[in-house]
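Enquirer: with the input below, show me the fold.
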Amino acid sequence: MAGVGSYLKKHTEALVKDVGIEPACELTGKSKATLGRYYSDNEEHADRFMPIDAVAALEAASSYPHVTAALSELRGITLSFESRRSNSESSGCVNADVVALSQRFAMLMSEYSQSIEDGIITVNEAKRMLKETLALQQVLIDMKLHLEHETV
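Expert: As a prediction, this is how the structure comes out:
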């Protein structure tokens with residue numbers, strides 16, 4: 001459970017920092033100290049976790065559902081988070097999906113190539129690769145939906 005707790009605390013911290021500490025205090029009605037305890041890795045706070053209503057309030061204001069995603073990953077569940085704003089409507093055909101898939105994969109490989117040049121993948125490089133991985137995942141989800149639609 002220690003590993004799970006640490007993992008959840010890391011994502012709780014990301015959630016609070018995404019929203020901002022002051023707005024997080026206002027949204028949850030909790031103090032800075034209390035919010036800090038929820039993601040503290042000190043032994044004395046190991047059993048403290050943010051209440052689910054506070055998580056829901058913060059995730060409604062955040063750019064990404066950090067804690068919900070962490071919980072789903074722990075159970076082996078994949079979430080589909082739609083945050084992209086496309087400049088053009090998707091044609092809805094599998095051929096366009098294949099092109100988008102190859103483009104996204106090329107972008108991921110480019111990020112990987114740049115990141116691994118010095119033999120070390122930094123946190124920022126990992127975040128950029130994660131962003132490309134999520135975009136690639138979204139293209140695959142779109143492709144799956146289009147294929148399912150064609151077989152109906």
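Enquirer: can you give the domain ranges for this structure?
Expert: The record, using automatic domain parsing to delimit domains, assigns the chain the ranges 2-74, 94-150.
Enquirer: least reliable of those domains by average pLDDT, please.
Expert: Comparing mean pLDDT across those, the lowest value falls on domain 94-150: a mean of 88.
Enquirer: just give the nearest non-adjacent residue to residue 71, would you?
Expert: Counting by Cβ to Cβ, 6 or more residues apart in numbering, residue 8 is the residue found nearest to residue 71 once chain neighbours are left out, at 7.5 Å. The way it works is simple: take the backbone N, C-alpha and C, and place the C-beta from them, glycine included.
Enquirer: now that neighbour: which helix or strand?
Expert: Assigned by DSSP states H and E, residue 8 belongs to helix 2-19.
Enquirer: one step back: I figured the residue nearest to residue 71 hits residue 72, correct?
Expert: No - no contact is recorded between residue 8 and residue 72 when judged using Cβ atoms under 8 Å, the distance being 11.9 Å.
Enquirer: returning to that earlier point: packing partners of the helix or strand just after the helix holding residue 8?
Expert: Secondary structure here is assigned by DSSP H and E; on that basis, the next helix or strand after helix 2-19 toward the C-terminus is helix 21-28. Other elements packing on helix 21-28 under the criterion 3 or more Cβ pairs under 8 Å, 6 or more residues apart in numbering; DSSP states H and E are helix 32-39, helix 52-61.
Enquirer: now the ones you listed as JSON lines including mean neighbour count and distance to residue 99?
Expert: Formatted as JSON lines, the entries for the helices and strands packed on helix 21-28 read as follows, by neighbours: other Cβ atoms under 10 Å; distance: least, Cβ to Cβ, whole Å:
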{"stretch": "helix 32-39", "mean neighbour count": "16", "distance to residue 99": "41"}
{"stretch": "helix 52-61", "mean neighbour count": "16", "distance to residue 99": "33"}
